[in-house]
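*Asks:* Sequence and predicted model, in that order:
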Amino acid sequence: MNRNSNIEIRLATIGDKEFIISLVPRLTEFGPPSWRDVAQMTATDTQLLSDRLLKQPAGTAIFIAEDEKGVALGFIHLQTGDDYYNREAHGHITDVIVAPEGEGRGIGRGLIEKGEEWARSQGYRWLTLSVFAQNLQAREVYKRLGYGEDMMKYVKELI
């Protein structure tokens, strides 16, 4: 990792659940669209992450970034995806969240690099991620790391 060589990235265990779940609300700090229910988003992510930590299904991985004292600073949640058009399996970043005390230390970059390493180890050609259009800060980070836009999803609320 470039900015802080004292950061280690390791596989998450069930013992990391409290830390991981504590960061889930950060996923909505940017202000999701008005038709999204923030409480439902948080509950869904909390349940999915809890299940993944407990069951550790094939084709998924969660990694934790921590400093030299063992203080957790962020995590990345990965899973196998399937391309709509060519049906090719690929890696997908489901979540990447950095704790406030980890910001500006290269934690996000290190976690994404670990995700890329994981995807390569699975034999995948691609690593994808989804981001809300309103999350401009995250989108800029992804662009700097070499990720390009693919498809745009448009939504119209009908009620």
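*Replies:* In hand now; what should we look at? Numbers count the residues shown, from 1 in each chain.

*Asks:* Contacts for the strand or helix carrying residue 143, please.
*Replies:* If you go by DSSP states H and E, residue 143 is part of helix 136-144. With contacts defined as Cβ atoms under 8 Å, 6 or more residues apart in numbering, helix 136-144 is touched by 30, 108, 109, 129, 131, 133. Where you see a C-beta, it was placed from the backbone N, CA and C, and this is true even at glycine.

*Asks:* Just the ones in strands from the residues you listed, please.
*Replies:* residue 129 (DSSP state E).

*Asks:* can you list the contacts of helix 136-144 in JSON lines and add neighbour count and pLDDT?
*Replies:* Below are those laid out as JSON lines (neighbours: other Cβ atoms under 10 Å; pLDDT from 0 to 100):
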{"residue": "30", "neighbour count": "14", "pLDDT": "88"}
{"residue": "108", "neighbour count": "22", "pLDDT": "95"}
{"residue": "109", "neighbour count": "16", "pLDDT": "95"}
{"residue": "129", "neighbour count": "19", "pLDDT": "96"}
{"residue": "131", "neighbour count": "17", "pLDDT": "93"}
{"residue": "133", "neighbour count": "12", "pLDDT": "89"}
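
*Asks:* Let's see which of the contacts of helix 136-144 end up in helices.
*Replies:* 108, 109 (DSSP state H).

*Asks:* Can you pick out the most distant pair from the contacts of helix 136-144?
*Replies:* Largest separation among these by Cβ to Cβ: 109 and 133, giving 22.1 Å.

*Asks:* Tell me the first helix or strand C-terminal of the longest helix along the chain.
*Replies:* For the chain, the helix that runs over the most residues, judged by DSSP H, is helix 38-55. Remark: after helix 38-55, the chain's next helix or strand is strand 60-66, criterion DSSP H and E.

*Asks:* separation between residue 124 and residue 92?
*Replies:* 9 Å (Cβ to Cβ, to the nearest Å).
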